[in-house]
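A.B. asks: below: sequence and its predicted model.
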Amino acid sequence: MRIGLLGHGVVGQGVRKIIDAHQTSATAAMSVVRILVRDQSEITDERITTDPEEFFTTDMDVVVECMGGVDKPFEFVSRALSAGMGVVSSNKKLLAHKYDELQALATQRQVPLAFEAAIGGGIPWLHNLALTAQVDEVESFRGIFNGTTNYILDEMFTHGQNFDDALRGAQERGYAEADPSDDIDGHDVKYKTVLTANRIWGVSVPLEQVPALGLRHVDGRDAKWAAAHGKTIKLLGMARATNQGVMAGAMPVMLPANHLLAGIHQNFNCAMVNSNNFGEAAYYGQGAGMLPTAFAVVSDLVSVQALMVQDSFALAAPGRTVVAPMWQEAWGQNASPLSREVASVDQLVSSPAQSLEVAPMDQSALQGKYYLRPENSEDFDLLWDLVEFTRPEKLENGAILTGGVHLPLLMNSLRRAGFTTGVVGDISTLVCEVEDSSAKMVADRGLFLALVDSGLNE
Ligand SMILES: NC(=O)C1=CN([C@@H]2O[C@H](COP(=O)(O)OP(=O)(O)OC[C@H]3O[C@@H](n4cnc5c(N)ncnc54)[C@H](OP(=O)(O)O)[C@@H]3O)[C@@H](O)[C@H]2O)C=CC1
Ligand SMILES: N[C@@H](CC=O)C(=O)O
């Protein structure tokens with residue numbers, strides 16, 4: 001199978017290394033024939049070019065996109081699909097923003113579009129979800145889906161590093177995005193959560209309706225509060241299917257210190273799914289980094305390769321042959337070559353067993369108990385804004401509790417807004433509803449907010 005690589009950074013180099021090593025029969029049957037880079041200084045091999053026309057006029061079966069960003073990769077991936085080439089991508093930002101367009105193009109051209117590496121790094125998450133959804137109804141999922149922020153939290157709270165040094169460490173190890181804001185502000189987790197929800201439930205969750213809260217303002221005060229209350233802070237992606245539609249969010253969560261996810265360290269991710277027969281299941285592994293991510297890209301290439309040969313069993317890697325009977329059933333005994341009379345890998349491997357109506361986000365599900373800590377507890381304007389976004393009319397027992405917040409000031413501002421508040425114990429929580437707009441306000445105003453309890457993280 002002839003492969004073209006778009007991008008030769010952390011992931012691209014990992015993919016080239018694994019394939020060039022030809023360590024298994026599957027990878028021995030693959031070759032990277034062309035690599036597109038941006039800068040002349042990156043040309044270190046006769047396969048590398050800076051010219052997109054030279055890239056696209058090369059004879060290739062599959063294009064691997066690992067450039068990052070949205071506009072340019074969208075142009076290149078669309079071009080590859082339109083030309084009848086399969087595409088494997090690790091780029092969740094592209095896929096989350098252009099999901100419908102790319103799916104439609106792959107389906108129309110009947111070529112594979114696969115993106116295991118886009119979610120959870122090396123973890124075979126979509127692959128296992130697809131199998132789960134062949135048997136069960138998937139009710140919900142949640143997990144740690146970002147290696148950079150998990151590494152930062154671990155370095156800060158377990159090893160006492162400051163935020164900036166921990167971020168630098170994640171960048172040096174190749175975990176962070178080119179612009180790490182996507183990691184820090186929760187957008188990367190939001191893209192992965194939305195993509196997973198789209199894949200399992202056959203929906204297209206609107207990105208703009210999914211709140212993303214990040215870790216930009218987390219500090220030692222939060223760690224101290226968490227520890228004093230037997231909790232740990234983790235950044236989670238969460239989604240649940242309800243009668244009203246899919247609800248989803250990406251936000252820091254105060255987890256009980258003995259929770260499975262509380263024990264996930266460094267760049268590791270852990271994705272948990274709940275389905276009606278199997279119950280709770282968890283998938284664990286490195287969620288970021290060169291070789292774990294490249295492993296997932298190449299595992300998708302193995303799947304695509306299996307579609308291209310008559311005898312798909314021969315080339316399927318050990319441990320993945322379980323997929324073959326499924327393909328056999330879907331494709332018949334004579335698996336067709338790529339782009340001839342075939343469904344896409346996307347439809348095949350992850351065709352949703354449940355296909356929900358595309359429903360708007362069920363915002364009320366995001367109502368819950370939140371921990372909050374402003375940078376400055378005397379910031380009256382911020383406290384006033386908090387009143388605005390807590391929507392007091394929707395609360396039954398609106399409760400603001402202490403922590404970093406200057407309680408009397410907060411109580412006053414809430415009373416002025418006709419808010420009935422209650423103080424419960426010494427927990428620093430606010431019962432409120434978080435939408436994407438309030439999430440932005442929270443980030444812009446230096447507030448650290450973490451979910452303690454809601455319908456989403458049950
Ligand atoms: N790193 C990781 O652990 C993981 C990354 N991903 C995703 O994989 C993708 C790649 O990530 P990563 O390898 O870390 O990123 P890098 O920044 O290391 O690599 C991207 C490469 O693509 C090149 N590139 C960007 N735009 C163009 C263009 N227009 N033409 C040619 N080359 C271009 C970049 O060149 P230049 O240096 O000149 O900008 C760079 O070499 C991203 O979408 C990321 O989100 C997914 C899972 C894990
Ligand atoms: N920046 C991402 C890379 C993998 O998706 C992360 O840290 O998880």
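C.D. replies: Received it, and whenever you're ready, just let me know what you need. Ligands and ions are numbered 1, 2, ... in the order given.

A.B. asks: please make it C-alpha for all contacts and neighbour counts, starting now.
C.D. replies: OK.

A.B. asks: how long is stretch 86-103 end to end?
C.D. replies: 12 Å (Cα to Cα, to the nearest Å).

A.B. asks: briefly note if that stretch comes near ligand 2.
C.D. replies: No: counting by Cα under 6 Å from any ligand atom, no contacts exist between stretch 86-103 and ligand 2, the nearest distance being 7.5 Å.

A.B. asks: in that stretch, which residues are buried?
C.D. replies: Buried positions in stretch 86-103, judged by neighbour count with 16 or more other Cα atoms under 10 Å: 86-97, 99, 102-103.

A.B. asks: out of the residues you listed, list just those in strands.
C.D. replies: 86, 87, 88, 89 (DSSP state E).

A.B. asks: any chance of those residues in JSON lines, with distance to residue 177 too?
C.D. replies: What follows is these, written out as JSON lines (distance: Cα to Cα, whole Å):
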{"residue": "86", "distance to residue 177": "25"}
{"residue": "87", "distance to residue 177": "21"}
{"residue": "88", "distance to residue 177": "19"}
{"residue": "89", "distance to residue 177": "15"}
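
A.B. asks: which of these lies closest to ligand 2?
C.D. replies: Using Cα to the nearest ligand atom, residue 89 comes nearest to ligand 2 of those, at 11.4 Å.

A.B. asks: can you give me the helices in the stretch 1-150 of the chain?
C.D. replies: Here the stretch 1-150 of the chain has its helices, by DSSP state H, counting those that start in this stretch, at 10-21, 25-28, 52-56, 71-82, 92-97, 99-109, 125-135, 147-157.

A.B. asks: and these: which comes nearest ligand 1?
C.D. replies: Closest approach to ligand 1 among the helices of the stretch 1-150 of the chain (Cα to the nearest ligand atom): helix 10-21, 3.6 Å.

A.B. asks: elements contacting the closest one?
C.D. replies: helix 25-28, strand 31-36, helix 290-308 (3 or more Cα pairs under 8 Å, 6 or more residues apart in numbering; DSSP states H and E).

A.B. asks: hey, which of the ones you listed is tucked in deepest?
C.D. replies: helix 290-308 (a mean of 24; mean count of other Cα atoms under 10 Å).

A.B. asks: other SSEs contacting it?
C.D. replies: helix 10-21, strand 86-89, helix 312-315.

A.B. asks: closest one to residue 225 among the ones you listed?
C.D. replies: With Cα to Cα as the measure, helix 10-21 is the member of these nearest residue 225 (36.7 Å).

A.B. asks: is that closest one anywhere near ligand 1?
C.D. replies: Yes: counting by Cα under 6 Å from any ligand atom, ligand 1 is contacted by helix 10-21 at 10, 11, 12.

A.B. asks: need the helices and strands packed on helix 290-308 in TSV with mean pLDDT, can you?
C.D. replies: TSV is the format used below for the helices and strands packed on helix 290-308 (pLDDT from 0 to 100):
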stretch	mean pLDDT
helix 10-21	98
strand 86-89	95
helix 312-315	33
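
A.B. asks: the strands in the chain, which residues?
C.D. replies: 2-6, 31-36, 48-49, 62-65, 86-89, 113-114, 138-144, 231-242, 245-256, 268-275, 279-286, 367-373, 429-433, 448-454.

A.B. asks: how about JSON lines for those, with distance to residue 192 added?
C.D. replies: Formatted as JSON lines, those follow (distance: least, Cα to Cα, whole Å):
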{"stretch": "strand 2-6", "distance to residue 192": "21"}
{"stretch": "strand 31-36", "distance to residue 192": "26"}
{"stretch": "strand 48-49", "distance to residue 192": "30"}
{"stretch": "strand 62-65", "distance to residue 192": "17"}
{"stretch": "strand 86-89", "distance to residue 192": "13"}
{"stretch": "strand 113-114", "distance to residue 192": "14"}
{"stretch": "strand 138-144", "distance to residue 192": "10"}
{"stretch": "strand 231-242", "distance to residue 192": "8"}
{"stretch": "strand 245-256", "distance to residue 192": "9"}
{"stretch": "strand 268-275", "distance to residue 192": "11"}
{"stretch": "strand 279-286", "distance to residue 192": "15"}
{"stretch": "strand 367-373", "distance to residue 192": "22"}
{"stretch": "strand 429-433", "distance to residue 192": "22"}
{"stretch": "strand 448-454", "distance to residue 192": "19"}
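
A.B. asks: those strands: which one's closest to residue 128?
C.D. replies: strand 279-286 (8.7 Å).
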